[in-house]
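>>> Sequence plus the predicted model coming up.
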Amino acid sequence: MELQLALDLVNIPQAKVLIKEVEEHIDIVEIGTPIIKIEGLKAVTEIKEAFPNLQVLADLKTMDAAGYEVMKASEAKADIITILGVAEDESIKGAVEEAKKQGTRILVDLIAVKDIEKRAKEVDALGVDYICVHTGYDLQAVGKNSFEDLLKIKSVVKNAKTAVAGGIKLETLPEVVKAQPDLVIVGGGIANQEDKKGVAAEMQQMIKQG
Ligand SMILES: O=C([C@H](O)CO)[C@H](O)[C@H](O)COP(=O)(O)O
């Protein structure tokens, strides 16, 4: 099981300060969709160059022109790139094909997918690397989480690694760890805490104990 820190509501200099504080306790750093929209793919390049030992995920949430976007994010030094599960199969196939050429990996984000099990099975057959259940900020705001969805995909996904994101905190992490995803994605649960390093260290320990 790996820990990914998601950074969404910061700029590049703020991201660097935050990563420095917790880098020894995380495996992957996510350059979130809002950062990429505001700063561009140079955010991915700058973070990878500053932290070469961390894997960097570019949260593009690609919906179309997938091969092209994966090519550009790979050239910007991303290790993992996200595409939406609601995208067409052709887009997901294009993303997988380009990632193979570039030596990068694809994470499918199932945000807004209605039939989670059906779509997880379909994208698993398309050869993606990770399949992620995700309750976005706007559904978290009305009290939803992804824990049941994680159990659903764990029962059908055969090839890809499973991932979970959306409002995970230190208090809810034990429930997540019990379901044994391959990747746990935490944004505000670390980034918005006073003692970021302490929280990341505790999370890392829980994840390692599995
Ligand atoms: O992907 C995300 C969201 O859609 C905003 O871009 C977040 O990175 C993801 O939800 C993890 O962040 P938290 O929910 O704060 O843990």
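Looks like it came in fine.

>>> who's in contact with the residue of the chain found nearest the ligand?
Scanning the chain for the residue nearest the ligand gives residue 187, at 2.4 Å (criterion: C-beta to the nearest ligand atom). Using the backbone N, CA and C atoms, a C-beta is placed for each residue, glycine as well. With contact taken as C-beta atoms under 8 Å, 6 or more residues apart in numbering, residue 187 is in contact with 5-8, 30, 32, 165.

>>> What residues does the chain have near the ligand?
Residues of the chain found near the ligand (C-beta under 6 Å from any ligand atom) are 6, 8, 30, 32-34, 59, 136-137, 165-168, 185-189.

>>> Filter these down to the buried ones.
With burial judged by 16 or more other C-beta atoms under 10 Å, the buried subset of those is 6, 8, 30, 32-33, 59, 136, 165-168, 185-187, 189.

>>> who does the strand ranked longest in the chain pair up with?
What stands out as the longest strand in the chain, according to DSSP state E, is strand 55-62. Strand pairing for strand 55-62, determined by DSSP bridges: strand 28-31 (parallel), strand 80-84 (parallel).

>>> what's the angle between the helix or strand following the last one and strand 55-62?
Going back to what we said before, that points to strand 80-84. Sequence-wise, the next helix or strand downstream of strand 80-84 (DSSP states H and E) is helix 89-102. Per axes from the mean of the first three to the mean of the last three C-alpha atoms, to 10 degrees, the angle that helix 89-102 makes with strand 55-62 is 150 degrees.

>>> ok now helix 89-102, how far from the chain's centre?
Counting by C-alpha atoms, centre = their mean, to the nearest Å, helix 89-102 is centred 17 Å from the centre of its parent chain.

>>> try stretch 63-72
17 Å.

>>> what do you get for stretch 23-42?
That offset, for stretch 23-42, works out to 10 Å (C-alpha atoms, centre = their mean).

>>> residue contacts, the closest residue to residue 76 other than its chain neighbours?
In space, and not counting its chain neighbours, residue 76 is closest to residue 41: 3.9 Å by C-beta to C-beta, 6 or more residues apart in numbering. Applying C-beta under 8 Å, 6+ apart, we find residue 41 in contact with 58, 72-73, 76, 78.

>>> what do you get if the cut-off is 7 Å, keeping everything else the same?
Contact analysis of residue 41 by C-beta atoms under 7 Å, 6 or more residues apart in numbering lists 58, 72-73, 76.

>>> ditto for residue 57
By C-beta under 7 Å, 6+ apart, residue 57 lies in contact with 4, 28, 30, 78-80, 82, 107.

>>> one step back: top of the contacts of residue 41 by neighbour count?
With neighbours taken as other C-beta atoms under 10 Å, the top of the contacts of residue 41 is residue 58, carrying 32 neighbours.

>>> and the closest residue to that one other than its chain neighbours, which of the three is it?
Closest residue to residue 58 apart from its sequence neighbours, by C-beta to C-beta, 6+ apart: residue 78 at 3.8 Å. Following DSSP: H, G, I helix; E, B strand; the rest coil, residue 78 is assigned to coil.

>>> what about the closest residue to residue 93 other than its chain neighbours, how many residues close to it?
Excluding the flanking residues, the one nearest residue 93 by C-beta to C-beta, 6+ apart is residue 126, at 5.8 Å. If you count neighbours by other C-beta under 10 Å, residue 126 ends up with 17.
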